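Engineer: Here's my sequence, what's the structure:
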Amino acid sequence: MGKIIAIANQKGGVGKTTTSVNLAASLGVLEKKILLIDADPQANASSGLGINVDAVELGTYQVLEHTISAREAVVKTTSPNVDIIPAHIDLVAIEIELVDKQQREYMLKKSLEEIKNDYDYILIDCAPSLGLITLNSLVAADSVMIPIQCEYFALEGLGKLLNTIKSIQKIHNADLEIEGLLLTMFDSRLRLSNQVVDEVRKHFSSMVFNTIIRRNTRLGEAPSYGESIIAYDATSKGAVNYLNLAQELLKKNS
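Structural biologist: Model prediction:
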């Protein structure tokens, strides 16, 4: 049975989409069957895997609306063993459209039931907000991975996210677990980066992944070519970091 992992943090620019795309690609080259769901109206995960976002007609919007099945929205990517349910800017309207629907928090969960067993892992790239789309993602998920950038405001808002997760566990999804906190954008030359790592490890110890994602120019370049870091430059530090993360994730779930 496939495990559903939401990659979430209401702060923008912490490496959620970078992690979603590159973790999916890394798990794919490790011969796991992966589905990536783009649940962000910015659709960066879709374009980051070479999907022409303007041409998307069936995607997360229609799946949340229940006008099509999840299987009908799945698109193959050029990344080995990785499929995607892409997003389009029209996803931004779904919050308004679902607001008066019965059980609106469970729309994604219900849609994924039919395809959950087709994949080893389903990763959900969440929007940088705690709105209805992210709520749907967390209700559908078995666990949540939280990227935290190694910068001054890293821990700001983390308490709010953890409280949201507690509320979801209490009301909607008692089985939701925290997969782990992932430190991103680490620069070993900066004392601040090292301080953030120490603080996060001190407060959350076993919840923090051993793998740290370092700042890497190649990681920033890859999305402009519509490729994961694995396809763009498999020898770069970024590729090595995400392959290590994938292996750590698999070991944790074995």
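Engineer: What about residue 35, how many residues nearby?
Structural biologist: Other residues near residue 35 come to 24 when the count uses other C-beta atoms under 10 Å. Backbone N, C-alpha and C define where each C-beta goes, glycine included.
Engineer: Following the chain past the host helix or strand of it, name the next helix or strand.
Structural biologist: Here residue 35 sits within strand 34-39, counting by DSSP states H and E. Beyond strand 34-39 on the C-terminal side, the first helix or strand identified by DSSP H and E is helix 44-48.
Engineer: any idea how far residue 63 is from residue 223?
Structural biologist: 23 Å (C-beta to C-beta, to the nearest Å).
Engineer: what mean pLDDT does the helix or strand harbouring residue 83 have?
Structural biologist: Assigned by DSSP H and E, residue 83 belongs to strand 82-85. Per-residue pLDDT values over strand 82-85 give a mean of 97.
Engineer: repeat for stretch 167-174
Structural biologist: For stretch 167-174, mean pLDDT rounds to 94.
Engineer: And the contacts of that stretch?
Structural biologist: 105, 106, 109, 135, 138, 139, 141, 176 (C-beta atoms under 8 Å, 6 or more residues apart in numbering).
Engineer: Give the PyMOL command for selecting the buried subset of those.
Structural biologist: The buried subset of those, as determined by 16 or more other C-beta atoms under 10 Å, is captured in PyMOL by this line:
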select buried, resi 105+106+109+135+138+139+141+176
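Engineer: what's the most distant pair in the contacts of stretch 167-174?
Structural biologist: 106 and 176 (13.2 Å; C-beta to C-beta).
Engineer: Give the residues shared as contacts by the two.
Structural biologist: With C-beta under 8 Å, 6+ apart, residue 106 and residue 176 have common neighbours residue 139.
Engineer: for the chain, what's the longest strand?
Structural biologist: Scanning the chain for the longest strand, with DSSP state E as the assignment, gives strand 177-186.
Engineer: Now do the same for the helix or strand following it: mean pLDDT, whole number.
Structural biologist: Downstream of strand 177-186, the first helix or strand assigned by DSSP H and E is helix 191-204. Here helix 191-204 scores 86 as its mean pLDDT.
Engineer: Helix 191-204 vs strand 177-186, what angle?
Structural biologist: 170 degrees (axes from the mean of the first three to the mean of the last three C-alpha atoms, to 10 degrees).
Engineer: Please name every helix or strand in contact with whichever helix or strand comes after helix 191-204.
Structural biologist: Next in sequence after helix 191-204, counting helices and strands by DSSP H and E, comes strand 208-214. Secondary-structure packing of strand 208-214 (3 or more C-beta pairs under 8 Å, 6 or more residues apart in numbering; DSSP states H and E): strand 177-186, helix 191-204, helix 237-252.
Engineer: neighbouring strands for strand 208-214, and are they parallel or not?
Structural biologist: According to DSSP bridges, strand 208-214 has the following sheet partners: strand 177-186 (parallel).
Engineer: sorry, back to before: most tightly packed of the helices and strands packed on strand 208-214?
Structural biologist: Highest mean neighbour count of the helices and strands packed on strand 208-214: strand 177-186, a mean of 20 (counted as mean count of other C-beta atoms under 10 Å).
Engineer: And the contacts of that strand?
Structural biologist: 5, 14-15, 18-19, 142-151, 165, 193, 196-197, 200, 204, 207-209, 211-215, 245, 249, 252.
Engineer: what's the spacing between the residue of the chain most remote from its centre and residue 150?
Structural biologist: Distance from the centre of the chain peaks at residue 191, with 28.2 Å (C-alpha atoms, centre = their mean). According to C-beta to C-beta, residue 191 stands 11 Å off from residue 150.
Engineer: Which residue, other than its chain neighbours, is closest to residue 12?
Structural biologist: residue 128 (3.8 Å; C-beta to C-beta, 6 or more residues apart in numbering).
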